[in-house]
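K.L.:
need the 3D shape of this:
(chains A and B)
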Amino acid sequence: MAKTAWPAPDRRKLIGSYTSRLDGPQKATGAAKYAFDINRPDMLYAKILQCPHGNCKVLEVDTKEAEAMKGVAAVLVEKDARSGALPEITFAGDTVATVAAVTEEIAYEALAKIKVKYEVKPPLMDDRNPANVSGRESKTATGDAVAGFAAADTTIEGYYGLACVTHCCLEAHGQVCEWRDGDLYVWPSTQNVSGYAGGVKDTAALPLEKIHVDCQYMGGGFGSKFAADAWGNIGVTLSKMTGKPVKLMLDRDQELKIAGNRPSSYAKVKVGVKKDGTITAWDSNCWGSGGQQRFSLRTLPYVFTGIPNQNTLANGVITNRGAQRAWRAPNHPQGCLITMAALEDAAAAIGMDSLEFFKKNLSLTDKADIYAEQLDIAAEMIGYKQKAHLRGDKTPGPIKKGIGMSMHTWGGKGHPSQCSVTINPDGSVVAQLGSQDLGTGTRTAITMVVAETLGIPMDKVRTELGKNSYPASGASGGSTTIGGVSASSRDASTKALNVLLDKVAASLGVPKDNLEAWDGKIQEVGNPAKSVAWEKACSMMGMMPITQQGSNPPGDLTELTTDGVGGVQMAEVSVDIETGVVRMENYAVVQDVGLIIDMKTAESQLFGAMVMGVTYALYEEAIYDNKTGAMLNSDMEFYRLAGLGDIGNFKVHFMTDEKYQSRGVIGLGEPPVISPGAAISNAVANAIGVRVSELPLTPDRVLAALNQGGVA
Amino acid sequence: MKPFAYANPKTIEEAVKLLGDAWGKTEVLAGGTDLVTSLKQNLTSPDKVVSLKDVEGLSGIVAADGSLKIGATTKLKDLIANAEVKKNFPCLVTAAESIGSPQIINVGTVGGDLLQRPRCWFFRQGYGLFGTYEGAALVPDGDNRYHAIFDNKGPAQFVNPSSLAPGLIALGATVRVHGPSGTRDLPVAELFATPKADTDREYTLKPNEILTYVSIPMKGLKNATYEIRQRIGLDWPMVTASVAYEDSGGKAANAKVVLGHVAPTPWVSDKAAAALNGQAVGEDSAMKAGAAAAEGATPLSMNGYKVHQVKVVVKRAVMASMA
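P.N.:
All right, here's what the predicted structure looks like:
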């Protein structure tokens, strides 16, 4: 009888292998259809009229001219959900009205003909000024901070911050809606296939079983695509009004303005430290803004949570920009930058090597052994011994080099997931689950698990996901997907296999408890001589396929997925102290992640996170105008993302010892994106001899910091 | 985007006749890298678009009468690949290559580079050429990190985005302009003007004129461009400098130093040129030229760093010219 537990290392053929995405060719050729690519007969295109003001009341919307245009099918004016009156608008880019027309061009033209009167009020945009805090403050105190600072030989006081960034998904948000025979069909770009329908059911006034969601491919979500959103409901309404399918995808500028952002965070930090590197006290006063959503950063101090004698204060600024959304490892990159930068400044203040300092204080973390091992590996990868120097590169010339490091932590246990696996009498296999592949390789990983469990090649297994008619699976957030779907698909395929073994046992003359699926056969455990080929075995089931449901957690409560990973990253940068330009040289990523299903897509997760990390460390910043509230760089021109020339050399290393892998599957989406801001900021400080307080580390900020000191 | 009539003339005379005498009614299409996005963002809503694609004689590079003539619709990629340009005008090659995007280099044109509209984000977000909102100017108290540090006391505080103009001005190039009553030639420096009204354009070209070619005298000038840019790939520079001078036994003569991305027009620094003229070209004179170039800058609230960068780009452009 097959067991649900993960196979032992010597019984893994596919799990842990370097396997290419199954849908790579479809994506490369364009055969893969994203929400943007869905076209339905007689479809209308909807476009949104955005409010240009960050804070205003809509007084009047005149849609007559737009409605009179040939080709315009419907104009929908936004109303306050409760009162039904024209709305108060609290961030620029929010929806005033939407037009559905037979072509995109006509829809845009109609938008230009809508006349709106606003009562404009000044927006509050300045989230750097702590005087603007308006949220509920959160305070913590442990130990005796006064005594802790008194015991310190040196106390550093620093200011650190990260700008608001957006999710900037390659594929913008949106969906196609179609009503057919009283049912609603939606093709959204979503991280939440099984839960999406709940977000439009009230607007549709339909029971959930009449709402059919289909998302086969998507171009990134990063935490911004859990909900159906306002535009989902507008699409449903317009489709209902017109009786036609409606495509409503956000334009790039809207994607940047209204489809999610990561809260800014700023902090004044004091760290008390003894000459020998012992940390004696921490004090932080942190504020930041989640836009229209209340926010306060409660991840300080990060990783080094065991620092004795802490005072923390966190507060928020409500600003007139869109509400924050979960952004890949919510609140961790901010906590990480502020903590690791402050601690590195403390090390610099006592003239201690950063690596030595961090290692000395690992007992203040909850993964001391793991970090110690990882720090050594990362140091080796980046050539720390050969290259490291104390703060400030003293070599002549304008180009200064430096190395910085950071540590992070994450949960990543699998979410609730259900999966059904069908073994057909011809030996073909189908796995179905209402999950989604955000581009990370989920479809491939599930196929690997099912094929491994059944001992057959991957091409015998078809994985179907992306529809809410399949067994429900959790939303893809918090690095929970791989743990959830690998467990439910393992459970389902194990159960299906056991039904099959039951049918085969008699003809092989081997008790089913002593059978296994291996190498395309059902065989006596360890004895290929007593076996039957997979297809032959399947033919014994008669005409009825075997279908079994599996879940996470599995029915027998086997732990296939666990929680909690650590990672260390080291960055090497060069900084031109005359121009202020920072360039990435080398980057070492060391990550603990439990059992890895697909080594190749796991590595891709690290590479993707690194590109995103370099981007928010060096370039990325949502810039808003303080008078209008408008986002000024809602484009790919001044909303800078790192390109291939900007990222330097990445080296990655997974902790694949059995002591790590035996923990089961743990998610990897978030952890590697946490440290880059901190590691790169520390590397820049190490290079130029002075801290650049805020990310992104743009030339103007680098030059301003150098004006305060450093090697220049 | 408002629907418009599309004209595809075959001769320059025909093309000029299709233009009107007011900006915005008719737009001229070359590579389209700026115009197409401007149309889509309703920054301009012309009734007519006149394509130069099929106009004879507008594309190509020829050496004649001691000058190199570069047609207005010559692609940037062809400019970069031209042997004469490579040999004589490295300052242009650096500037064009630094645009960083193969897509833009492959379709963008020399004339389009000179006549593209500013990238000022207030302008691009629809607040007009001078960036106004509810009657007030947005630039002085807004995010002006990429705005002008010279010639910024009037309402125009954007920077000229042309990659090639500083180099062309340094090299003493002229442009040929074709209008309804024939042609006129003018120095590239005089092609640009700081607009007084937000309905003006940033150049002295009239609405019914077309730039047909650039002519660069081949005088054997030493020349180079240096740009400070954040990204390796597609990006706008923060500050650029192009220098050109006669090499008179190791000393500079008739030097020109032209800055980009610091003023509403390409910014000719006579002070920097004076600091170079008669001096041995080297680190010392390069630094002095840089310091002179930054004199008189009037930075806004967020772009003081550019004053420092001016010193660096001029110094490095001079140093690069020695290579």
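
K.L.:
pop out the phi and psi values for residue 273.
P.N.:
Picking chain A for this. Per-residue torsions, A:V273: phi -140, psi 140 (degrees, to the nearest 10).

K.L.:
hmm, I had chain B in mind actually
P.N.:
According to degrees, to the nearest 10, B:A273 has phi -60, psi -40.

K.L.:
so it sits right up against B:V257, yeah?
P.N.:
Yes. Shown here, B:A273 and B:V257 form a contact pair, counting by Cβ atoms under 8 Å, at 5.0 Å. (C-beta placed from N, C-alpha, C; glycine too.)

K.L.:
the residue in the stretch 601-712 of chain A that chain B sits nearest to: how many residues sit nearby?
P.N.:
Nearest residue of the stretch 601-712 of chain A to chain B, counting by Cβ to the nearest Cβ: A:G645, 2.9 Å away. By the criterion of other Cβ atoms under 10 Å in any protein chain shown, A:G645 has 14 neighbours.

K.L.:
need the helices for the stretch 101-250 of chain B, in chain order.
P.N.:
Assigned by DSSP state H, counting those that start in this stretch, the helices in the stretch 101-250 of chain B fall at B:102-107, B:110-115, B:121-124, B:165-170.

K.L.:
chain A: which of those is closest?
P.N.:
helix B:121-124 (4.2 Å).

K.L.:
quick one: that closest one near chain A?
P.N.:
Yes. Counting by Cβ under 8 Å from any Cβ of the partner chain, chain A is contacted by helix B:121-124 at B:W121, B:F122, B:R124.

K.L.:
residues of chain B that sit close to chain A?
P.N.:
With Cβ under 8 Å from any Cβ as the criterion, chain B comes near chain A at residues B:1-3, B:42, B:119, B:121-122, B:124-127, B:133-134, B:136, B:138, B:141-143, B:145-146, B:228-236, B:238, B:302-303, B:305, B:308-309, B:312.

K.L.:
show me which of these are buried.
P.N.:
The neighbour count (16 or more other Cβ atoms under 10 Å in any protein chain shown) marks B:1, B:119, B:121-122, B:124-125, B:127, B:133, B:138, B:142-143, B:145-146, B:228-231, B:233-236, B:238, B:303, B:305, B:308-309, B:312 as buried among these.

K.L.:
that older thread, test my guess that the residue of the stretch 601-712 of chain A closest to chain B contacts B:D235.
P.N.:
No. In this structure, A:G645 is not within contact of B:D235 by Cβ under 8 Å, at 9.9 Å.

K.L.:
count the residues that sit near A:Y160.
P.N.:
By the measure other Cβ under 10 Å, the count of residues near A:Y160 is 27.

K.L.:
just to be sure, it is in a strand?
P.N.:
Yes. Checked against DSSP: H, G, I helix; E, B strand; the rest coil, A:Y160 lies within a strand.

K.L.:
up against chain B, what does chain A have?
P.N.:
Residues of chain A lying near chain B (Cβ under 8 Å from any Cβ): A:52, A:105, A:108-109, A:112, A:120, A:578-581, A:618-619, A:623-628, A:630, A:632-635, A:637-638, A:640, A:642-646, A:698-700, A:703-704.

K.L.:
for the residue in the stretch 101-250 of chain B that chain A sits nearest to, which non-adjacent residue is closest in space?
P.N.:
Closest to chain A within the stretch 101-250 of chain B is B:I232: 2.9 Å, counting by Cβ to the nearest Cβ. What sits nearest to B:I232 in space, not counting adjacent residues and going by Cβ to Cβ, 6 or more residues apart in numbering or on different chains, is A:G645, at 2.9 Å.

K.L.:
who are the contact partners of the one you found?
P.N.:
Contacts for A:G645 (Cβ atoms under 8 Å, 6 or more residues apart in numbering or on different chains) come out as B:R231, B:I232, B:G233.

K.L.:
next up, phi/psi of it, please.
P.N.:
Given degrees, to the nearest 10, the pair of backbone angles that A:G645 has is phi -70, psi -10.

K.L.:
quickly list what the residue lying closest to A:E694 once chain neighbours are set aside is bridged to.
P.N.:
Spatially, and ignoring its direct neighbours in sequence, A:E694 is nearest to A:G161 (4.2 Å; Cβ to Cβ, 6+ apart). Beta-bridge pairing for A:G161 (DSSP bridges): A:Y266, A:E694.

K.L.:
in terms of contact, does A:G161 touch A:P696 like I think?
P.N.:
No. No contact is recorded between A:G161 and A:P696 when judged using Cβ under 8 Å, the distance being 10.6 Å.

K.L.:
domain-wise, how is the chain divided?
P.N.:
Answering for chain A, as no chain was given. A:9-32+A:414-552, A:35-122+A:173-249, A:334-412+A:563-707 (automatic domain parsing).

K.L.:
let me rephrase: I mean chain B.
P.N.:
By the record's domain assignment, chain B is partitioned as B:57-217, B:222-321 (automatic domain parsing).

K.L.:
return the most buried member of the ones you listed.
P.N.:
Among the domains of chain B, ranked by average contacts under mean count of other Cβ atoms under 10 Å in any protein chain shown, first place goes to domain B:222-321 (a mean of 22).

K.L.:
span of it from start to end?
P.N.:
6 Å (Cα to Cα, to the nearest Å).

K.L.:
go on, stretch A:22-39?
P.N.:
24 Å.

K.L.:
how far away from the center of its chain is that stretch?
P.N.:
21 Å (Cα atoms, centre = their mean, to the nearest Å).

K.L.:
does the closest residue to A:V99 other than its chain neighbours count as helix, strand or coil?
P.N.:
Closest residue to A:V99 apart from its sequence neighbours, by Cβ to Cβ, 6+ apart: A:A110 at 4.3 Å. Put simply, A:A110 is helix when judged by three-state DSSP.

K.L.:
pretty sure A:A110 is touching A:M69, no?
P.N.:
Yes. The criterion here is Cβ under 8 Å, and A:A110 meets it with A:M69 at 5.2 Å.

K.L.:
give me the more crowded residue out of those two.
P.N.:
A direct count of neighbours by other Cβ under 10 Å for A:A110 and A:M69 places A:A110 higher, at 26 against 15.
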